[in-house]
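Peer 1: this is a predicted model, with the sequence first.
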Amino acid sequence: REHGQKADQLPGYRKLTDPAARRHVAGVWGVDPDSLPGPGRSAYELLDALGTDIRSLLVMGSNPVVSAPRAAHVEERLRSLDFLAVCDVVLSETAALADVVLPVTQWAEETGTTTNLEGRVLLRRRAITPPEGVRSDLEVLHELAGRLGVEKGFPTRPEEVFDELRRASAGGPADYSGIDYRRLAEENGVFWPCPAPAGADDGRTGRAAGPHPGTPRLFLDRFATDDGRARFAPVAHRPSAEEPDDAYPVLLTTGRVVAQYQSGAQTRRVEELNAAAPGPFVELHPRLAARLGAAEGDPVAVVSRRGRAVAPARITPGIRPDTVFMPFHWPGEGRANTLTNPALDPTSRMPEFKVCAVRVEAVEAVEAR
């Protein structure tokens, strides 16, 4: 987000609707501020619109066939495109649908920066040489821009891109302008915001101010508002978009297991991780299992208004009797996101992944085979 990779933001946590922010970033890019688009669709709204006014899509390192809510619908939308290209390091379920798959470098094959969850910007060096014919994401974007008639910009050197980010984020809430590769290497990372020194006399010593130390802890002295003061907003409770009813009396929540990651596109290819977490399951309370007549390991079906998933039962008193849990790392008939609800938060536009109404059914062994 601090890089401006959301459809309503510019680098530095600047808002795309802010005229001053548009002028600043357009100046860095050497374009007319009016040429910058307005805020775009949120992630699910974009996927939902595929095949209508959106006829082509470039996907970079994402696997919405497994990770998106209402995943069967998203898969159908992807199939309806005139053209789908995917850049990835593995042939994910989404890449398998693509007209063109571009093999790209993964993190250990390229130099760049990573910003961790505490806001520390880290320099990571390339550890291994990529295979023959593999390009970086930057090279793909550079070539694509050139073929679309944009010859300037879109550099392929990571440090040059980072320097552009420094200029574009300067003065914003997530200011990277005082960070460079040298500092990252010498200081083992720097926390944003870290503005560049103005170079003026600091008023006390008669010397120019030194480099900003970075900000290991945000909001010690002020908040990112015009006057530095916090804003409180009243929040009224809103029930989930789907509450249990007679047809769907149980709540489904989804989440992760420690041995798999996100859509599993990479981790499901690791033998040791698959041994620890070989596939999907449905976690349910013993009382619910007893009502279904399901024993540990028996296949059970979880049905929502959007579809049906089948996975082995995992019976535990650690879950509520009115709730079942499924991890979302797997495709196929055990795909948890077949069931999830794309109801969107009115402000963040994030889908309601964590709760939807379902019913749970026993599955006969013959059907399971």
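Peer 2: Arrived safely. Numbering: from 1, shown residues only.
Peer 1: so who does the most centrally placed residue in the chain touch?
Peer 2: Residue closest to the mean C-alpha point of the chain, counted by C-alpha atoms, centre = their mean, is residue 62 at 8.1 Å. By C-beta atoms under 8 Å, 6 or more residues apart in numbering, the contact list for residue 62 reads residue 94. Where you see a C-beta, it was placed from the backbone N, CA and C, and this is true even at glycine.
Peer 1: confirm it sits in a helix?
Peer 2: No: counting by DSSP: H, G, I helix; E, B strand; the rest coil, residue 62 is not found in a helix; it is coil.
Peer 1: for stretch 283-298, the distance to its chain's centre please.
Peer 2: Taking C-alpha atoms, centre = their mean, to the nearest Å, one finds stretch 283-298 lying 34 Å from the centre of the chain it belongs to.
Peer 1: same check, this time on stretch 78-94
Peer 2: 17 Å.
Peer 1: what does stretch 152-169 give?
Peer 2: Centre to centre, stretch against its chain (C-alpha atoms, centre = their mean), the figure for stretch 152-169 is 22 Å.
Peer 1: what's the burial count for residue 41?
Peer 2: Other residues within reach of residue 41, judged by other C-beta atoms under 10 Å, total 14.
Peer 1: quick check, pLDDT for it.
Peer 2: pLDDT, residue 41: 93.
Peer 1: surely it and residue 50 touch.
Peer 2: No: Residue 41 lies out of contact with residue 50 (C-beta atoms under 8 Å); the separation is 10.5 Å.
Peer 1: okay, now the domains of the chain?
Peer 2: Domain assignment for the chain by automatic domain parsing gives 9-191, 250-368.
Peer 1: quick one: closest of these to residue 230.
Peer 2: The closest of those to residue 230 is domain 9-191. By C-beta to C-beta, the value is 14.1 Å.
Peer 1: quick check: end-to-end length of the closest one?
Peer 2: In domain 9-191, first residue to last residue: 21 Å (C-alpha to C-alpha, to the nearest Å).
Peer 1: now stretch 234-251
Peer 2: 27 Å.
Peer 1: report the buried residues of that stretch.
Peer 2: Buried residues in stretch 234-251, counted by 16 or more other C-beta atoms under 10 Å: 242, 244, 248, 250-251.
Peer 1: which strand is the longest one in this structure?
Peer 2: Longest among the strand segments of the chain by residue count, using DSSP state E, is strand 307-315.
Peer 1: returning to that earlier point: phi first, then psi, for the residue nearest to the centre of the chain.
Peer 2: Per-residue torsions, residue 62: phi -130, psi 150 (degrees, to the nearest 10).
Peer 1: residue 324 too?
Peer 2: The phi and psi values for residue 324, taken as degrees, to the nearest 10, are phi -120, psi 150.
Peer 1: hmm, it is touching residue 360, no?
Peer 2: Yes: if you go by C-beta under 8 Å, residue 324 and residue 360 touch, sitting 6.0 Å apart.
Peer 1: joint contacts of the two?
Peer 2: 250, 282, 284, 288, 302.
Peer 1: so of the residues you listed, which ones are in strands?
Peer 2: Filtering the shared contacts of residue 324 and residue 360 for strands - DSSP E - leaves 250, 282, 284, 302.
Peer 1: grab the two from the shared contacts of residue 324 and residue 360 that are most spread out in space.
Peer 2: 288 and 302 (11.4 Å).
Peer 1: coming back round to it: columns pLDDT and distance to residue 104 on top of the ones in strands among the shared contacts of residue 324 and residue 360, output as JSON lines?
Peer 2: Formatted as JSON lines, these follow (pLDDT from 0 to 100; distance: C-beta to C-beta, whole Å):
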{"residue": "250", "pLDDT": "97", "distance to residue 104": "41"}
{"residue": "282", "pLDDT": "98", "distance to residue 104": "35"}
{"residue": "284", "pLDDT": "97", "distance to residue 104": "40"}
{"residue": "302", "pLDDT": "98", "distance to residue 104": "35"}
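Peer 1: which residues touch residue 85?
Peer 2: Taking C-beta under 8 Å, 6+ apart, we find residue 85 in contact with 56-59, 98-102.
Peer 1: next one: residue 218
Peer 2: By C-beta under 8 Å, 6+ apart, the residues touching residue 218 are residue 119.
Peer 1: swap the cut-off to 10 Å and go again
Peer 2: By C-beta atoms under 10 Å, 6 or more residues apart in numbering, residue 218 lies in contact with 118-119, 173, 191-193, 224.
Peer 1: of those, just say which sits nearest to residue 260.
Peer 2: residue 118 (24.2 Å).
Peer 1: and the longest strand of the chain, what does it pack against?
Peer 2: If contacts are counted by 3 or more C-beta pairs under 10 Å, 6 or more residues apart in numbering; DSSP states H and E, strand 307-315 sits against helix 71-79, strand 282-284, helix 286-292, strand 299-304, strand 323-327, strand 356-362, helix 365-368.
Peer 1: return the most buried member of these.
Peer 2: strand 282-284 (a mean of 24; mean count of other C-beta atoms under 10 Å).
Peer 1: contacts for that strand?
Peer 2: Contacts with strand 282-284, where a contact means C-beta under 10 Å, 6+ apart, come from 250, 252-253, 255, 288-292, 294, 298-302, 309-316, 318-321, 323-327, 334, 336, 358, 360.
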